[in-house]
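Colleague: show me the folded form of this:
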Amino acid sequence: MRKIKNLLTVVVLTTLSFVSYAQTATKISGIIKDVNEKTLESATISLLKAVDSSLVKVAIADKTGRYQFENIATGKYLVNVSATGHDAGFSSIVELKEGNGAIEVPVIVLQPATKNLGGVTVTSKKPLIEQKIDRMVINVEASVTNVGSSALEVLEKSPGITVDKDGNISLKGKQGVVVLIDGRPSYLSGPDLANMLRSMTSAQLDQIEIMTNPPAKFDAAGNAGVINIKTKKNKQFGYSGSVTGVYSQGRYPRTNESVNFNYRKGKVNLFTNLSYNYNKRYNNLDIQRNFRDKDTKQLLRYFDQEAKMQNEFRSYNAKVGMDYFASKNTTLGVVFNGYSNPGEFGNRNTTLISDANGLLINETRAIADFNQHWKNFSTNLNFRQVLDTSGQEITADVDYLTYSSTNNMELSNYYFDAFGNSISKSDTLLGSLPQEINIYSGKIDYLRPLKKGAKFEAGIKSSIVKTDNNANYDSIINKQIVHDYNRSNYFIYEENINAAYVNLSTPMGKKISAQLGLRVENTRAKGNQVTTGETFDRNYTQLFPTAYFQYKASEKHNLGLNYGRRIRRPNYQSLNPFIEFIDRYTYEQGNPNLKPQFSHNIELSHTFKGKLTTTLNYTKTTDIIQQVIEQNEDRNETYVKQANIASQRQYGIAVNSSNELTKWWTSNTYVNISNNHYEGIVNDNFVSLDATMFMLNSSQQFKFAKTWSAEVSGFYRSGGVEGVIVFKPMGMVSMGMGKQVLKNKGSVKLNVRDVFFTQRFKASSNYGNVDAAFQNQNDSRVVSLSFSYRFSKGKVNGGPKRKTGGAGDEQNRVGGGSGN
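Modeller: The predicted model follows:
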């Protein structure tokens, strides 16, 4: 803790020194008018840096149409103007030099919007993909084939993202992605994160931001980077909202309905989002396992397992919040989120056991039923205070989150000989696995604009997590329930992370800009297996530097170079030593001996005309956390767990292109080629695996007959390797079309996902005594029909938005022993 206290002292002193740093008092001002020479009150004016269009300040025009920006650093700027019922307007480049005091921008005249139907202003359509300096932005509504999709399915077809059979998310072939919801950690991972994302519909989503190397302001967690899912939140005075209904049909029907509503008057802005999702799906899993002698590797037995699984759940989501604008410089906010996901999961499993010659020995049939219920509630309090006209500000967030789940199971096994005759009594295992997680988090961030376009940031954060996990197993013997002490367990995990960071961005001449950051995180973690008395206590402090450089070679060419060191801590559930059964011979188990993994990430990028971006990347990771498969020949058991398997090295190239080929055809294409090399000791066996993977995401969008649109999209991923799992190629194609109705207030969309039913996950693992292959087929081909209606009354307020939430990466680590 002494290191943390010393660092906080440095942060405070550094901050105070920068506060006293004087700026040149320069000013930019002007007037906004329409084509009739009338001044436009309440127009939103944004001051942008000319070099990269990054936002400097925002102002609102007064009753005379006048705006003013004070204490602006010297440099070149653009003035961007937006107002209800008008097309956006820009000034020419404005240059502030030392000693020129103030500049009056020539009057900016806004043209009326090209369409204004029924009082609804039709703005230009957002592109599907926007490439920014530090992130890629996906505009969800811009894709017709997103209709009827869940948030997980939207992610799956986004550039560079893959989702495996368990719902684990990878970015550019790397696991360890941190997922944020509206800038706040989701606190889930693996299957539990997948279930939550399945319960969120595309109708609730606004944008998806993908950051492969986030700056020091973000938590250091996330080996592969950060994905921020932004939900819809309107910015209008008066009221506005939307209603969406979707019916989907795969093998089973699915429905989702959502309502968004926003009301703003005076200093108060109220917003809410309510949604319901019914989802029933199937999943067929085939596993082939060879059990070999440890020493001679001679084949002993062959297992052919077929599992037919069915999952049915109902999700209820509610988000309610308020922003209070106490003054033009002070904003207070509160957000409440609730999530309830009851469901039933059934597994009908048949395992054929043969000898080394392929002759059937016996057959096991398993019937497993699970009754599950995930619930969570979260509260966020946020505060923003602008300290002066230079843009100096302090923001703060306090979060409380609680997750609880119940999982009641009944697993019965029936045994037969090769001729189908019962050979022994059936056995039944009953399980109750309740879990509760409480998370407390708080952070404070400080921002200070400096001379000549430089900017200084600093902040501190602290989080406390406690998980309470209980596993109670009972066996039914001679029709009597007997407690199973060998399988039952009780595990408590506690964690405290304290962090601080500093970040400085500055121009280095007319064409070069830089951003340097340093984050320090101290972690204290305690685990206690109450049943066995085993404990662990870990305490470690790590530094995480970041560096970004950008060179604007010309108006057409931009070069970027960035570096960052990151950490991936084990999921809470991965540390939990409990056993979760799939059938008599297959189960998952936690690993309390897991250590965090660390990675060094380097990227070199080139952007041409803002439309074509090429990125070279290299990552070196130590103590990488990966899923491994282990076998017990004596008991014919196979189980999955997370383990540290030494090191990973990855390098690759990615190309992202967005082009308007004609007035009616827009093409978005993403290609990624990467090489993964894993090397280390797994279960006392030396493992060295290497593979090159090719990934393609493509979206072709078409506009015709004014109100009609269509899209063909899809992805393809070649074979590759992830840890000790070697996977085969997979891909799919989706098609959709839509029409604007009711004077552009409504839309009807039809979409077919996975048209050719090709999304099958196939993989194998072969090392030491492990020899297994599996194939997974889920209910991926789905036809969806949706209707959405938008309503509003009032005028647009284009003020800036701030991401709320300060809980870091903790939320991403809840649940999912097989997750990230």
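
Colleague: so where is the stretch 301-450 of the chain shaky, pLDDT-wise?
Modeller: Along the stretch 301-450 of the chain, the model assigns pLDDT under 70 to no residue.

Colleague: ok, 90 please
Modeller: 327-329, 339, 376, 388-392, 424-426, 450 (pLDDT under 90).

Colleague: what are the boundaries of the strands in the stretch 601-750 of the chain?
Modeller: For the stretch 601-750 of the chain, the strands defined by DSSP state E, counting those that start in this stretch cover 612-622, 625-632, 637-644, 647-662, 665-682, 685-704, 708-717, 720-722, 725-727, 730-741, 746-753.

Colleague: and the stretch 301-450 of the chain, by the same measure?
Modeller: Using DSSP E, counting those that start in this stretch, strands in the stretch 301-450 of the chain cover 330-355, 360-386, 393-417, 422-432, 435-449.

Colleague: buried residues, the shortest one. List them.
Modeller: For strand 422-432, a neighbour-count test (16 or more other Cβ atoms under 10 Å) marks 428-431 as buried. C-betas here are computed from N, CA, C, even on glycine.

Colleague: do the second one as well
Modeller: For strand 360-386, the buried set under the neighbour-count rule, 16+ other Cβ under 10 Å, comprises 362-368, 370, 372-376, 378, 380-384, 386.

Colleague: other SSEs contacting it?
Modeller: Secondary-structure packing of strand 360-386 (3 or more Cβ pairs under 8 Å, 6 or more residues apart in numbering; DSSP states H and E): helix 190-199, strand 330-355, strand 393-417, strand 579-583.

Colleague: again, 7 Å this time
Modeller: strand 330-355, strand 393-417 (3 or more Cβ pairs under 7 Å, 6 or more residues apart in numbering; DSSP states H and E).

Colleague: isn't Val398 right next to Gly442, touching?
Modeller: Yes. Taking Cβ atoms under 7 Å as the definition, Val398 is a contact partner of Gly442 at 4.7 Å.

Colleague: go through the buried residues of strand 422-432 and name the one nearest Phe237.
Modeller: Gly431 (54.0 Å; Cβ to Cβ).

Colleague: run through the bridge partners of the closest one.
Modeller: For Gly431, the beta-bridge partners are Met409, Tyr473 (DSSP bridges).

Colleague: dump the residue contacts of it.
Modeller: 409, 472-473 (Cβ atoms under 7 Å, 6 or more residues apart in numbering).

Colleague: what does Lys762 give?
Modeller: Counting by Cβ under 7 Å, 6+ apart, Lys762 has contacts 727-728, 775.

Colleague: follow-up on the earlier one: which one of the strands of the stretch 601-750 of the chain lies nearest to Asp468?
Modeller: strand 637-644 (20.4 Å).

Colleague: partners of the closest one, with directions?
Modeller: If you go by DSSP bridges, strand 637-644 pairs up with strand 586-589 (parallel), strand 625-632 (antiparallel).

Colleague: most tightly surrounded among those?
Modeller: strand 625-632 (a mean of 21; mean count of other Cβ atoms under 10 Å).

Colleague: how far does it sit from the chain's center?
Modeller: Offset of strand 625-632 from its chain centre (Cα atoms, centre = their mean, to the nearest Å): 26 Å.

Colleague: mind saving the C-alpha coords of it as PDB?
Modeller: Presented in PDB, the C-alpha positions along strand 625-632 are these (Å, rounded to 0.1, in the frame of the first residue of the first chain):
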ATOM      1  CA  ILE A 625      -4.800 -18.500 -19.500                       C
ATOM      2  CA  GLN A 626      -6.400 -21.000 -21.800                       C
ATOM      3  CA  GLN A 627      -8.900 -23.800 -21.700                       C
ATOM      4  CA  VAL A 628      -7.300 -27.300 -21.500                       C
ATOM      5  CA  ILE A 629      -8.800 -30.800 -21.600                       C
ATOM      6  CA  GLU A 630      -7.700 -33.500 -19.200                       C
ATOM      7  CA  GLN A 631      -8.500 -37.200 -19.200                       C
ATOM      8  CA  ASN A 632      -8.600 -39.900 -16.500                       C
END
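
Colleague: and it, average pLDDT?
Modeller: Average pLDDT, strand 625-632: 86.

Colleague: which residues touch Leu360?
Modeller: Leu360 neighbours (Cβ under 7 Å, 6+ apart): 352, 354, 418.

Colleague: mind listing what's buried in stretch 284-295?
Modeller: So for stretch 284-295, counting by 16+ other Cβ under 10 Å, buried means 285, 287, 289-292.

Colleague: so Arg254 makes contact with Thr201?
Modeller: No. Assessed by Cβ under 7 Å, Arg254 is found out of contact with Thr201, at 10.0 Å.

Colleague: those two: who's more crowded?
Modeller: Using other Cβ atoms under 10 Å as the criterion, Arg254 and Thr201 rank with Thr201 on top: 29 against 21.

Colleague: who's that one bridged to?
Modeller: Here Thr201, judged by DSSP bridges, has bridge partners Ser150.

Colleague: distance of it relative to Asn277?
Modeller: 6 Å (Cβ to Cβ, to the nearest Å).

Colleague: point out where the stretch 1-150 of the chain drops to low pLDDT.
Modeller: Looking at the stretch 1-150 of the chain by pLDDT under 90, you get 1-29, 33-107, 109-150.

Colleague: and the helices in it?
Modeller: Residue ranges of the helices in the stretch 1-150 of the chain, as given by DSSP state H, counting those that start in this stretch, are 2-19.

Colleague: please enumerate the strands of it.
Modeller: 27-34, 44-49, 55-60, 66-70, 75-82, 89-90, 94-96, 102-104, 108-110, 116-117, 120-121, 129-131, 136-139.

Colleague: how about the fourth one: buried residues?
Modeller: By that I understand strand 66-70. For strand 66-70, by 16+ other Cβ under 10 Å, it's 67, 69-70.

Colleague: let me know the closest of the residues you listed to Glu555.
Modeller: Using Cβ to Cβ, the buried residues of strand 66-70 come closest to Glu555 at Phe69, 24.8 Å.

Colleague: leaving out sequence neighbours, find the closest residue to the closest one.
Modeller: Ile28 (4.6 Å; Cβ to Cβ, 6 or more residues apart in numbering).

Colleague: for Arg717, give me the pLDDT.
Modeller: For Arg717, the predicted pLDDT is 94.

Colleague: determine which two of the buried residues of strand 422-432 are furthest apart.
Modeller: Longest span within the buried residues of strand 422-432, Cβ to Cβ: Thr428 and Gly431, 10.6 Å.

Colleague: among the buried residues of stretch 284-295, name the ones in strands.
Modeller: Cross-referencing the buried residues of stretch 284-295 against strands under DSSP state E gives 285, 287, 289-292.

Colleague: same list, those, but as a markdown table with pLDDT and distance to Thr532 please.
Modeller: Listed next are those as a markdown table, based on pLDDT from 0 to 100; distance: Cβ to Cβ, whole Å:
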| residue | pLDDT | distance to Thr532 |
| --- | --- | --- |
| Leu285 | 93 | 32 |
| Ile287 | 93 | 31 |
| Arg289 | 93 | 30 |
| Asn290 | 92 | 33 |
| Phe291 | 90 | 29 |
| Arg292 | 87 | 32 |
